[in-house]
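Enquirer: coords please:
(chains A and B)
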There are 2 protein chains.
Amino acid sequence: MWTMTSAEQKKPAPKDPWALPDVSGLTVGVLGGTGDQGRGLAYRLARAGQRVVVGSRDAARAEAAASELNALDPAPAVPVAGTDNEECARRSNVVIVAVPWEGHAKTLEGLREVLAGKLVVDCVNPLGFDKQGAYALTPDEGSAAQQAAALLPDSRVTAAFHHLSAVLLQDPAVERIDTDVMVLGDSRADTDTVQALAGLIPGMRGIFAGRLRNAHQVESLVANLISTNRRYKAHAGLRVTDV
Amino acid sequence: MWTMTSAEQKKPAPKDPWALPDVSGLTVGVLGGTGDQGRGLAYRLARAGQRVVVGSRDAARAEAAASELNALDPAPAVPVAGTDNEECARRSNVVIVAVPWEGHAKTLEGLREVLAGKLVVDCVNPLGFDKQGAYALTPDEGSAAQQAAALLPDSRVTAAFHHLSAVLLQDPAVERIDTDVMVLGDSRADTDTVQALAGLIPGMRGIFAGRLRNAHQVESLVANLISTNRRYKAHAGLRVTDV
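Expert: A predicted model of the protein is given here:
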């Protein structure tokens, strides 16, 4: 006969990793939403029915980007709004950071107060480029995501959406994005929320891929995907197998 | 009318990335072939018909490992041999380095001469472990593969086979390994050879993923896959999409 020990009886059943929260009520802001990656993510989330606000240093440019996305065929299910980065952060529950690495620290420093308490999703890839192609840069904090966590001590910082092709994201004719999204963070509730958001986009799954301290290699792997794209004339993404 | 410029006429057509060499005549050595990863790789390559020699510091242990692999059902198509690391390197055309990170530098330093001129495939993942799980270590040279290149200046060093589950590799009941193999290196001929070897294993493709200077993030990503495995009770691998 098999008997549970008292410790086993007290231990809660492991939570189903696929039991993700309902995120339909959340507004998603995209800082740097006029860049290719930011525009593409804004478009895909809005097309999936999420309320999205594009942010930019220049509100007029953000409004123009939002108008362009709303004019696509098929247009987003919920119209995208555009405003400056600060107002974008204020209006949003979840804030995706899609600014160029060069402006990463400065942008976040200026938004520390408005981002307090919010869920921040860093998708920035610190890369350098030379004649041999792309290579990884190593921020002093370890990664872009850890830099965000250091600059935003009152925010809940996660990392995700690194390996997506901006070309595919922005192409309205592409209906499914055949790529999983590695989601990193130190709070289960927060990574679950980001996984649920990623899962809204047809073809994508949000897959938990570790704590924030392991973000550097996920960010840097884009250098490898760039080499792969060049060799195969592809828009390479990553699917996690056996999950 | 469209006319080729003289520069375009001289430029060779880009080589088909799927035109890989015939590697059937190559003997593959696996240094550290008594460890889980090394045993698994030796088994899969031999099962696919490749001639394989398992190496270990202790020749008797290598012979025992080879005997165990040869006794599996299904047994390797070509029997695996076992011998000490130096003899293993001597007998092989291609040498996979699957030793623990802790012994990496010392093992390679002792094999510098016998590995001269040979194709070396580093699959070592420098990781640390603590209560929060696995994390990436950063070798002074940048990565295990770059350390190998520094210690073996007369060898042709590549990096590959990082993301494979040793459990799946060693399970004879598993017929297909649903994982691509990222192959890195600075010589096209060498990465093509390693890609061809990876492609011998059912379910796998060898995919070019950049120069050796971008090996660190590929090695370190195993820390993330360990987190994923824990969350999903899986043996996660990676498939490169759109390629």
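Enquirer: C-alpha from now on. contacts and neighbour counts both.
Expert: Will do.
Enquirer: am I right that A:Gly29 is in contact with A:Glu86?
Expert: No - A:Gly29 is beyond contact range of A:Glu86, at 10.1 Å (criterion: Cα atoms under 8 Å).
Enquirer: and stretch A:17-30, C-alpha only, in PDB?
Expert: In PDB, the C-alpha atoms belonging to stretch A:17-30 read as follows (Å, rounded to 0.1, in the frame of the first residue of the first chain):
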ATOM      1  CA  PRO A  17       1.700  25.500 -17.100                       C
ATOM      2  CA  TRP A  18      -1.000  25.900 -19.700                       C
ATOM      3  CA  ALA A  19      -3.600  27.400 -17.300                       C
ATOM      4  CA  LEU A  20      -3.000  31.000 -18.300                       C
ATOM      5  CA  PRO A  21      -5.000  34.100 -17.200                       C
ATOM      6  CA  ASP A  22      -7.600  35.900 -19.200                       C
ATOM      7  CA  VAL A  23      -5.800  39.000 -20.600                       C
ATOM      8  CA  SER A  24      -8.600  40.300 -22.800                       C
ATOM      9  CA  GLY A  25      -9.200  43.300 -20.600                       C
ATOM     10  CA  LEU A  26      -5.600  44.500 -20.600                       C
ATOM     11  CA  THR A  27      -4.300  47.500 -22.600                       C
ATOM     12  CA  VAL A  28      -0.900  46.900 -24.100                       C
ATOM     13  CA  GLY A  29       1.400  49.800 -24.700                       C
ATOM     14  CA  VAL A  30       4.400  49.500 -27.100                       C
END
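Enquirer: any common contacting residues for A:Gly29 and A:Glu86?
Expert: Shared contacts of A:Gly29 and A:Glu86 (Cα atoms under 8 Å, 6 or more residues apart in numbering or on different chains): A:Gly55.
Enquirer: which one's more surrounded, these two?
Expert: Neighbour totals were compared for A:Gly29 and A:Glu86, and A:Gly29 leads with 32 against 21 (other Cα atoms under 10 Å in any protein chain shown).
Enquirer: relative to A:Asp171, how far out is the more buried one?
Expert: 20 Å (Cα to Cα, to the nearest Å).
Enquirer: and what of A:Glu102?
Expert: A:Glu102 is 26 Å from A:Asp171, by Cα to Cα.
Enquirer: neighbour count: the two, which is higher?
Expert: A:Asp171 (14 against 11).
Enquirer: where does pLDDT dip in chain A?
Expert: Within chain A, the segments meeting pLDDT under 70 span A:1-12.
Enquirer: give me every residue in it lying close to chain B.
Expert: A:17, A:135-136, A:178-179, A:207-210, A:213-214, A:216-218, A:220-221, A:223-225, A:227-228, A:231-232, A:234-243 (Cα under 8 Å from any Cα of the partner chain).
Enquirer: at 7 Å instead, please
Expert: For chain A, the contact set with chain B under Cα under 7 Å from any Cα of the partner chain comprises A:17, A:135, A:178-179, A:208-210, A:214, A:217-218, A:220-221, A:224-225, A:227-228, A:231-232, A:234-243.
Enquirer: list buried residues within those.
Expert: Neighbour-count burial (16 or more other Cα atoms under 10 Å in any protein chain shown) is assigned, among the residues of chain A next to chain B, to A:135, A:178-179, A:208-210, A:214, A:217-218, A:220-221, A:224-225, A:227-228, A:231-232, A:234-241.
Enquirer: out of the residues you listed, which are inside helices?
Expert: A:Gln217, A:Val218, A:Ser220, A:Leu221, A:Asn224, A:Leu225, A:Ser227, A:Thr228, A:Arg231, A:Tyr232 (DSSP state H).
Enquirer: ranges for the strands of chain A?
Expert: A:27-31, A:51-56, A:81-84, A:94-97, A:119-122, A:127-130, A:133-136, A:156-159, A:181-183, A:206-208, A:237-241 (DSSP state E).
Enquirer: ok, now how distant is A:Val218 from B:Thr193?
Expert: Counting by Cα to Cα, the gap from A:Val218 to B:Thr193 is 27 Å.
Enquirer: try A:Ala166
Expert: Distance, A:Ala166 to B:Thr193, by Cα to Cα: 32 Å.
Enquirer: same deal with A:Ala189?
Expert: For A:Ala189 relative to B:Thr193 (Cα to Cα), the value is 45 Å.
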